[in-house]
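Colleague: The sequence and its predicted three-dimensional model are supplied below.
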Amino acid sequence: MKTVACSYDLSALIDAVNPGALYRSAIEEVAESVSAVIEANKAYQRARVFERLLIPDRVIRFRVEWVNDQGGVEVNFGWRIEHTNVLGPYKGGLRFHPSVTEDTLHFLAYEQCFKNALTGQPIGGGKGGSNFDPKGKSDNEVMRFCQAFMRELYRHIGPSVDVPAGDIGVGGREIGFLYGQYMKITKERDGVLTGKPLGLGGLLGRTQATGYGTVAFAQAMLRHSGDSIEGKRVMISGSGNVALYAAELAMEKGAHVVTMSDSGGSISFDKGMTREQLEELIEFKEVQRGRLKDWSGAGANYHPEARPWSLVDADVALPCATQHEVERDDAAAMVDRGVCVVAEGANMPCTHQARSVFHEKGVLFGPGKAANAGGVASSCFEMSQNASHSTWTKEHSLDRLTSVMMDIHEQCVANAPTTNGVVDYGVGADRGGFIKLADAIVAMGV
Ligand code: GLU
């Protein structure tokens, strides 16, 4: 790891916070990007901003106990990592997935701080979740789990303290159950969660925001290099709401969506997915909660166990599934297939080695911190809507989303080095977010 000006061993400090590999890779990535910024700024060095920023304000871990449909007692872990509130209330999603560990959440919470800073909205960073697996559970089981989770979480959150939202495994259904329980326990209806169903104070356009924002960011990168997304072939991974709405906006802008995937495999479309197929898929995935292997979308080819990256030719790739789903060989396969623009809809889907391949090959790379920030930015709109006791129109919410994404793009460009005419958005995003956080840390004193 490149050294960041500090008085002791950064590597040991990272291990002391959390010895996991994901958290370490997130910190190392940022350390590499911002070391020059710190070296040039005495105030950052004196205030020890890098070390202070890598240690979370607090880590909350709790037991979640609930009863399954057979009457058996189930036990899971629950976490909330409140990383920093220097720019606003802790803000970030809850992830329910069997792979969730404290390491996953440390890495996501750290990334979230930079992403939230880039949005220009007054939000700090946090993340939470559980190793609970919603897959195969009945609605009643999910409800009982969410209620049990909130039975502990409610005492740690508040509209100006910590405002959780959804992430993998947590959508409108789960947020509705969590908020319902919060309202019963506290008698507050203060909008403490975002991504709420509309009747509970949700924001029109929030469901689409992350996917739409990712496409808007890809468009901005293309526009900046004198090109456009129209007519481009776009590979997408995932089939959750980020992937589905990225597909929707890409198609609206005249692109051809040639792949989608889930954890069982991928589907490809030789000529691009049609509007009817997308509508069917949204219903199949979001309402029926089906698996792609069982989807009968006419004209789609199913590839069991396969990731999308080597299946078809494409110009643009939008990894929208999960962390580290694009490894070095996947990146090389994408480039062989013609990909010259990558925008991350998921949080850190590309490994450090994959990013190096993109860098070597001159691929325009939009990191998740910037490219998927539309979701959390819209969550902040939802907070404003709730705090002002008003209802935003969908048009207003999507207009604001577009301007936030354009602004993030500008911040990245302003802070990024350019190599052979290719803007290094990864470094630009890290530096842009870091400077906002570091200035606030310096301003608040010790
Ligand atoms: N989970 C989303 C993210 O990774 C959204 C967080 C939020 O809306 O607070 O940014």
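Modeller: Right, received. Where do you want to start?
Colleague: which element is the closest residue to the ligand within the stretch 251-400 of the chain on?
Modeller: Relative to the ligand, the nearest point of the stretch 251-400 of the chain is Ser379 (3.3 Å; Cβ to the nearest ligand atom). Every residue, glycine included, has its C-beta placed from N, CA and C. Per DSSP states H and E: Ser379 is located in helix 374-387.
Colleague: what's that helix packed up against?
Modeller: strand 90-96, helix 102-118, strand 162-165, helix 206-224, helix 394-415 (3 or more Cβ pairs under 8 Å, 6 or more residues apart in numbering; DSSP states H and E).
Colleague: Out of those, the one nearest Val363 is which?
Modeller: helix 206-224 (10.4 Å; Cβ to Cβ).
Colleague: So in that sheet, which strands flank whichever helix or strand comes after the closest one, and in what orientation?
Modeller: As assigned by DSSP H and E, the chain's next helix or strand after helix 206-224 is strand 233-237. Using DSSP bridges, strand 233-237 pairs in its sheet with strand 256-262 (parallel), strand 316-319 (parallel).
Colleague: Spatially nearest residue to the residue nearest the centre of the chain (excluding sequence neighbours)?
Modeller: Of all residues in the chain, the one closest to the mean position by Cα atoms, centre = their mean is Asn347, 4.3 Å from it. Spatial nearest neighbour of Asn347, chain neighbours left out: Gly368 (4.9 Å); criterion: Cβ to Cβ, 6 or more residues apart in numbering.
Colleague: For burial, what's the neighbour tally of the one you found?
Modeller: 26 (other Cβ atoms under 10 Å).
Colleague: so what pLDDT did it get?
Modeller: Note on Gly368: pLDDT of 98.
Colleague: all numbers from here: first residue = 20
Modeller: New numbering, starting at 20: the last item is Gly387.
Colleague: In the stretch 70-219 of the chain, which residue sits nearest the ligand?
Modeller: Closest point on the stretch 70-219 of the chain to the ligand, by Cβ to the nearest ligand atom, is Gly112, at 2.7 Å.
Colleague: you'd agree Glu193 is up against Gly185?
Modeller: Yes. Contact criterion Cβ atoms under 8 Å: Glu193 and Gly185 qualify, at 6.8 Å.
Colleague: Please say which of these two ends up with more neighbours.
Modeller: Gly185 (27 against 23).
Colleague: quick one, what contacts the more buried one?
Modeller: 112-113, 191, 193-194, 214 (Cβ atoms under 8 Å, 6 or more residues apart in numbering).
Colleague: which one of those residues is nearest Val78?
Modeller: Using Cβ to Cβ, the contacts of Gly185 come closest to Val78 at Leu113, 14.6 Å.
Colleague: Spit out the contact partners of the closest one.
Modeller: 99, 146-149, 168, 183-186, 189, 193, 197.
Colleague: ok, now with 7 Å
Modeller: By Cβ atoms under 7 Å, 6 or more residues apart in numbering, the contact set of Leu113 is 147-148, 183, 185-186, 189.
Colleague: Repeat that for Glu130.
Modeller: Contacts of Glu130 by Cβ under 7 Å, 6+ apart are 45, 366-367, 388.
Colleague: and if you look at Ala62?
Modeller: Applying Cβ under 7 Å, 6+ apart, the residues near Ala62 are Val461.
Colleague: All the strands of the protein, in order from the start?
Modeller: 77-86, 92-103, 109-115, 144-149, 181-184, 252-256, 275-281, 284-287, 320-323, 335-338, 360-362, 383-385, 437-438, 441-442 (DSSP state E).
Colleague: Quick one: distance of the third one to the chain centre.
Modeller: This means strand 109-115. 10 Å (Cα atoms, centre = their mean, to the nearest Å).
Colleague: What pLDDT does the model give the residue lying closest to Ile204 once chain neighbours are set aside?
Modeller: Leaving aside its sequence neighbours, Ile204 sits nearest to Tyr173 (Cβ to Cβ, 6+ apart; 5.1 Å). In the prediction, the pLDDT value recorded for Tyr173 is 98.
Colleague: Glu267 against Gln296, yeah?
Modeller: No. Using Cβ atoms under 7 Å, Glu267 is not in contact with Gln296, being 11.5 Å away.
Colleague: Arg65: neighbour count?
Modeller: When neighbours are counted by other Cβ under 10 Å, Arg65 comes out with 9.
Colleague: What of Ser409?
Modeller: Neighbours around Ser409, by other Cβ under 10 Å: 8.
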